[in-house]
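# Have a look at this prediction, sequence included:
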Amino acid sequence: MNVDVKDNEDGTYTVSYHPTEAGKYTIENKLHNPFRPEDTEHIKNSPKTVEVLAGSDPQCSYAYGPGLEDGIQDTVPTEFIIQAADKHGNKMDRGGDNFDVKITDAEGNDVPFELKDNEDGTYKVNYTPHGPGEQKVDIKLKDEPIKNSPMSVMIAPAAPDASKCLAYGPGLEKAEIGQEAPFTVEMRGWNGERINSGGQNLAVKVTGPFGDVPAEQKDNSDGTHSLSYKPLDVGSYKVEITVDDQAVADSPYTVEAHAPEGAAWHENSYAEGPGLEDGNTTAEPTHYTIYTVDKDGNPCTKGGAPIDVEIMGPECEPVDADVKDNEDGTYTVTYHPTEAGEYTIENVLRNPFQPMHFEHIKNSPKTVQVVPGTDPSASYAYGPGLENDILDTLPTEFFIQAADKDGNKMDKGGDPFEVDIKDADGNNVPFDLTDNEDGTYKVAYKPNGPGEQKVNVNLRGKPIKDAPFTLNIKAGASAFSVVEDYTFTIQAKTAAGENRMEGGEDFQITIEGEEGPVDTVKVKDKGNGRYRVTYSLPDPTKQYTISATINGNHIVGSPWKHAA
């Protein structure tokens, strides 16, 4: 056997040898005679017998265990065993070997580990993989690799523990309809440590008031998943998140989706106005106003709300409704009920994103009773004031009879009939209109002179039956008429005051005016003591003095004045 003796030059000598077989070795240490080298002498404790045991051989030692198997998970602690063996492959039954272990992850970084000598020929190595990817495990003994070293181990992504995973973000707290509701799921392992790789079996289910809602999800490949859904209906949403069919963190989550800030809210919005009250008539359109109010009770100040109105008549037939956006948060609804009876009015707010979904506002639906109303085309007028050849000097009148569209006479008043009378020159003729409160209306007027007169009667801008009327007005005698002849009678008397019964007397009649005497006087002796005097005056508006004399003497009462 080769033996190496090294002189340390300090009086000591180091002897090295390599026993290659187990067994007993005899060691002799001798001093040679420097003058006679063939002469030797054993030193104090020589010869010496040494028992050499079998030693661990790198090429026969090996490693095994789950920590060296493909598919172990990132971040999950694992282990493997080094088995020391001699050159014959026999397992060592004692410890003490200085195995050199090096573990590197897929990026070449060292992976920490713990090496424990079990003192039975095995050595336990504990470590936590840094993955995923290909990991290298290099094990040496006496600078030589053990059997199969270095070894490659494929590290699988860490398996998430659903109970340790995190879910967070606004989409799990509150939402606004029509807007994306995002949130994040963060993968955590069994120990609560963040997983930095993707590929997990994540599932999300979102259920809204009307069923399932699509959800978008993206694996960011760094242990986080970005998710989002868009609620389209106001109400509660259930968000269920699972990993490998196990609920994540606090799943399921309940999220309330609200309308946008300031948007109309059905429970607070309302409608009011005459069109929602009993007593509307078939005669004319009616209307009411919808007031939109937000969820907090604040009146909306701008338009654009998805207002929808449906009106059904007595025979369940739809009635056209005109909805005008006033652009100030109010909406004017106009409709014309054409049949008497019960009308049902529904005012709803439709979902702008789901038009088939809607909610009634505060006081909807509403039932309204409609009564027959006066119809212009069925109403009519009659009476002397609408007949030809009436005199322009006399007052006259006619009547308006209100009637519904079926020609039935109305039994109450209140209709705003409009009357217009024009004379032959187009001038207005004054009139008095009286509501008799029984469905009839009296029109009294006096024509403005002769000629063609126009009489028009309208109701709500529409003419009544046969209107306008054309009449021929005749001129009648007026205060401008004059007395052409005046007469008076003289009764002749005797001196005794008795009536004379025969004629023949010469009565003298004179009439004096401002312009002088009037020469139109005529006296007729009727032969019975009476005398008829006839005269005319050139200007009846002036004053005259009339004298009657007999034999130069004035009769009783003469002279007298003729005043205008």
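Okay, I see it. Just so it is clear, the model here is predicted, and its values are computed rather than measured. Residues are numbered from 1 along each chain as shown.
# and the gap between residue 303 and residue 326?
7 Å (C-beta to C-beta, to the nearest Å). For the C-beta atoms, the positions are set from N, CA and C on the backbone; glycine is no exception.
# so what's residue 400 up against?
Listed by C-beta atoms under 8 Å, 6 or more residues apart in numbering, the contact partners of residue 400 are 379-381, 417, 419, 440-441, 443, 457, 464.
# I meant residue 238, not that one.
206-207, 252-255.
# Name the SS class of it, please.
Following DSSP: H, G, I helix; E, B strand; the rest coil, the label given to residue 238 is strand.
# Specify the beta-bridge partners of it.
Counting by DSSP bridges, residue 238 forms beta bridges with residue 207, residue 254.
# hmm, who's touching the strand or helix carrying residue 419?
Secondary structure from DSSP states H and E places residue 419 in strand 417-422. Residues outside strand 417-422 that contact it (C-beta under 8 Å, 6+ apart): 379, 400, 402, 428-429, 431, 433, 441, 443, 445, 453-459, 464.
# please redo it, this time with the cut-off set to 6 Å
With contacts defined as C-beta atoms under 6 Å, 6 or more residues apart in numbering, strand 417-422 is touched by 400, 429, 431, 433, 441, 443, 445, 454-459.
# What subset of those is buried?
Among these, those scoring as buried are 400, 429, 431, 441, 443, 445, 454-455, 457-459 (criterion: 16 or more other C-beta atoms under 10 Å).
# okay, those residues in JSON lines with secondary structure and distance to residue 291 next?
Below are those laid out as JSON lines (DSSP: H, G, I helix; E, B strand; the rest coil; distance: C-beta to C-beta, whole Å):
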{"residue": "400", "secondary structure": "strand", "distance to residue 291": "39"}
{"residue": "429", "secondary structure": "coil", "distance to residue 291": "47"}
{"residue": "431", "secondary structure": "strand", "distance to residue 291": "43"}
{"residue": "441", "secondary structure": "strand", "distance to residue 291": "38"}
{"residue": "443", "secondary structure": "strand", "distance to residue 291": "42"}
{"residue": "445", "secondary structure": "strand", "distance to residue 291": "47"}
{"residue": "454", "secondary structure": "strand", "distance to residue 291": "46"}
{"residue": "455", "secondary structure": "strand", "distance to residue 291": "45"}
{"residue": "457", "secondary structure": "strand", "distance to residue 291": "39"}
{"residue": "458", "secondary structure": "strand", "distance to residue 291": "34"}
{"residue": "459", "secondary structure": "strand", "distance to residue 291": "32"}
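# now those residues in CSV, with distance to residue 239 and pLDDT?
Listed next are the buried ones among the contacts of strand 417-422 as CSV, based on distance: C-beta to C-beta, whole Å; pLDDT from 0 to 100:
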residue, distance to residue 239, pLDDT
400, 71, 97
429, 80, 96
431, 77, 97
441, 70, 98
443, 76, 97
445, 80, 96
454, 78, 96
455, 77, 97
457, 70, 97
458, 66, 97
459, 63, 94
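# ok, the contacts of strand 417-422 vs residue 14, which is closest?
residue 459 (137.8 Å; C-beta to C-beta).
# contacting residues around that closest one?
Counting by C-beta under 6 Å, 6+ apart, residue 459 has contacts 376, 417.
# just residue 439 next, same as before
402, 409-411.
# Need phi/psi at the nearest residue to it once chain neighbours are set aside.
Using C-beta to C-beta, 6 or more residues apart in numbering and skipping the chain neighbours, the partner closest in space to residue 439 is residue 410 (3.7 Å). Main-chain dihedrals, residue 410, degrees, to the nearest 10: phi -80, psi 150.
# so who does residue 410 touch?
With C-beta under 6 Å, 6+ apart, residue 410 has these contacts: 374, 402, 439.
# Give me the residue ranges of the stretch 351-500 of the chain where confidence is low.
478-481 (pLDDT under 70).
# next one: the stretch 1-150 of the chain
1, 22-23, 50-54.
# secondary structure element for the residue nearest the centre of the chain?
With distances taken as C-alpha atoms, centre = their mean, the residue of the chain nearest its centroid is residue 305 (4.1 Å). In the assignment (DSSP H and E), residue 305 maps to no helix and no strand.
# Nearest spatial neighbour of it, chain-adjacent residues omitted?
In space, residue 305 is closest to residue 264, 4.1 Å off (C-beta to C-beta, 6+ apart).
# What distance do you get for the one you found to residue 98?
Taking C-beta to C-beta, one finds residue 264 at 81 Å from residue 98.
# Likewise for residue 58?
Taken as C-beta to C-beta, the span from residue 58 to residue 98 is 11 Å.
# ok, now residue 35?
46 Å.
# These two: who's more crowded?
residue 98 (11 against 6; other C-beta atoms under 10 Å).
# measure the more buried one to residue 470 for me?
135 Å.
# Check residue 443 too.
On the measure of C-beta to C-beta, residue 443 and residue 470 end up 16 Å apart.
# how about the helices of this structure, start to end?
Counting by DSSP state H, the chain has no helices to list.
# For the stretch 51-200 of the chain, which segments are assigned as strands?
62-64, 72-73, 78-83, 99-104, 113-117, 122-127, 133-141, 144-145, 151-156, 166-168, 174-176, 181-186 (DSSP state E, counting those that start in this stretch).
# okay, these in JSON lines with mean neighbour count and distance to residue 221 next?
Putting the strands of the stretch 51-200 of the chain into JSON lines (neighbours: other C-beta atoms under 10 Å; distance: least, C-beta to C-beta, whole Å) gives the following:
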{"stretch": "strand 62-64", "mean neighbour count": "18", "distance to residue 221": "32"}
{"stretch": "strand 72-73", "mean neighbour count": "20", "distance to residue 221": "17"}
{"stretch": "strand 78-83", "mean neighbour count": "20", "distance to residue 221": "24"}
{"stretch": "strand 99-104", "mean neighbour count": "18", "distance to residue 221": "22"}
{"stretch": "strand 113-117", "mean neighbour count": "14", "distance to residue 221": "27"}
{"stretch": "strand 122-127", "mean neighbour count": "18", "distance to residue 221": "25"}
{"stretch": "strand 133-141", "mean neighbour count": "19", "distance to residue 221": "13"}
{"stretch": "strand 144-145", "mean neighbour count": "14", "distance to residue 221": "35"}
{"stretch": "strand 151-156", "mean neighbour count": "17", "distance to residue 221": "15"}
{"stretch": "strand 166-168", "mean neighbour count": "16", "distance to residue 221": "17"}
{"stretch": "strand 174-176", "mean neighbour count": "17", "distance to residue 221": "27"}
{"stretch": "strand 181-186", "mean neighbour count": "21", "distance to residue 221": "13"}
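# Could you point out which of the ones you listed sits nearest residue 287?
That would be, of the strands of the stretch 51-200 of the chain and by C-beta to C-beta, strand 174-176, which comes in at 33.8 Å.
# Tell me which other helices or strands the closest one touches.
strand 253-258 (3 or more C-beta pairs under 6 Å, 6 or more residues apart in numbering; DSSP states H and E).
# before we move on, the earlier item: only the buried residues of the strand holding residue 419, if you could.
Result for strand 417-422 [16+ other C-beta under 10 Å]: buried residues 417, 419, 421-422.
# how about those in CSV, adding distance to residue 476?
As requested, these are exported to CSV (distance: C-beta to C-beta, whole Å):
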residue, distance to residue 476
417, 28
419, 23
421, 18
422, 19
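# what's the closest of the residues you listed to residue 562?
residue 421 (42.1 Å).
# Not including adjacent chain positions, what is the nearest residue to that closest one?
Closest to residue 421 by C-beta to C-beta, 6+ apart is residue 429, at 3.9 Å.
# For residue 457, see how far away that neighbour is.
Counting by C-beta to C-beta, the gap from residue 429 to residue 457 is 13 Å.
# for residue 378, same thing?
Distance from residue 378 to residue 457, by C-beta to C-beta: 13 Å.
# for residue 376, same thing?
In terms of C-beta to C-beta, residue 376 sits 9 Å off from residue 457.
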